[in-house]
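> pasted the sequence and its predicted model underneath.
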Amino acid sequence: MSESSTPGAAVTVAAAFAGMRNVTPVTFRAGCPDCRGRFELAASALRLAIGATSRTTFYSFTCPDCSTVVRKPAGERIVELLTGGGVRTLRLHSTL
């Protein structure tokens, strides 16, 4: 089976992206329990791990002030905010 091409049927890059708007990068406010620093982090600086229980669901980041690796629990609302903001997520349990 062959596809026929007609002149003018090709979509240009400009036409494909015409309806898209600029997206503002998402930042999250965080704090370090070691140095007590307060700062904003891009979604790429955070990691979210979703476990089978609330005890195994957490997010982590490296403090930009003291380089400590910070791990904090993540409840349902935090999980929703982080996933909605583009934070990379690792599932620690099967969804089957």
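Looks like it arrived, so ask away.

> how close does the one residue sitting closest to the centre of the chain get to Ala52?
In the chain, the residue lying closest to the centroid (C-alpha atoms, centre = their mean) is Val87, at 1.6 Å. Distance, Val87 to Ala52, using C-beta to C-beta, to the nearest Å: 20 Å. In this view, the C-beta of every residue, glycine as well, is placed from N, C-alpha and C.

> follow-up on the earlier one: the residue nearest to the centre of the chain and Tyr59 touch, don't they?
Yes: the pair Val87 / Tyr59 is scored as a contact, 7.1 Å apart, by C-beta atoms under 8 Å.

> any common contacting residues for those two?
Common contacts of Val87 and Tyr59, defined by C-beta atoms under 8 Å, 6 or more residues apart in numbering, comprise 46-48.

> turn the residues you listed into CSV, including pLDDT.
As requested, these are exported to CSV (pLDDT from 0 to 100):
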residue, pLDDT
Leu46, 97
Arg47, 97
Leu48, 97
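
> quick check: of the residues you listed, which lies closest to Cys35?
Leu46 (17.8 Å; C-beta to C-beta).

> who touches that closest one in this structure?
Leu46 sits next to 28, 30, 59-61, 82, 87-88 when contact means C-beta under 8 Å, 6+ apart.

> likewise for Arg91?
By C-beta under 8 Å, 6+ apart, the residues touching Arg91 are 49-50.

> quick check: bridge partners of it?
Note on Arg91: beta-bridge partners Ile50, judged by DSSP bridges.
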